[in-house]
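Undergrad: I would like the atomic coordinates for the input below:
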Amino acid sequence: MEVTAVDRLQPLTKSDVQKLLGVSERTVENWIARGILPPPARIGGRRVYWARAVIERWLEEQLDPAQGEAKRRGRPRSTW
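TA: Predicted coordinates for the structure are as follows:
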């Protein structure tokens with residue numbers, strides 16, 4: 001998916017991504033540090049932004065189309 005001019009004009013901030021994904025801002029910061037989220041564009045050294053299309057594509061990739069639920073990260077849990 002190509003990032004359009006509209007996507008560039010309406011970037012998502014860290015707060016926007018946090019609300020969209022339903023997680024805390026600290027979780028977003030951790031995911032950035034761990035490389036879980038797509039890399040943001042840094043503007044002014046501190047502020048980070050994502051194109052909406054990039055985050056939406058990442059979110060779709062996190063869904064397992066065969067089962068329709070989010071992929072799990074980390075160690076597998078015991079089933080017994």
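
Undergrad: so Pro39, which of the three states?
TA: coil (DSSP: H, G, I helix; E, B strand; the rest coil).

Undergrad: how about the contacts made by it?
TA: By Cβ atoms under 8 Å, 6 or more residues apart in numbering, the contact set of Pro39 is Ile32. (Glycine included, C-beta is placed from N, CA and C.)

Undergrad: how close does it get to Gly22?
TA: Separation of Pro39 from Gly22 (Cβ to Cβ, to the nearest Å) stands at 21 Å.

Undergrad: same thing with Tyr49?
TA: When Tyr49 is compared with Gly22 (using Cβ to Cβ), they lie 20 Å apart.

Undergrad: which one of the two has more residues nearby?
TA: Taking neighbours as other Cβ atoms under 10 Å, Tyr49 and Gly22 compare with Tyr49 leading, 17 against 7.

Undergrad: what stretches of this structure score poorly on pLDDT?
TA: By pLDDT under 70, the low-scoring segments of the chain are 1-9, 64-80.

Undergrad: which residues in it form helices?
TA: 5-9, 14-21, 25-34, 52-62 (DSSP state H).

Undergrad: got a markdown table for the ones you listed, with distance to Ile43 too?
TA: Supplementary listing: these in a markdown table, determined by distance: least, Cβ to Cβ, whole Å:
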| stretch | distance to Ile43 |
| --- | --- |
| helix 5-9 | 12 |
| helix 14-21 | 12 |
| helix 25-34 | 14 |
| helix 52-62 | 15 |
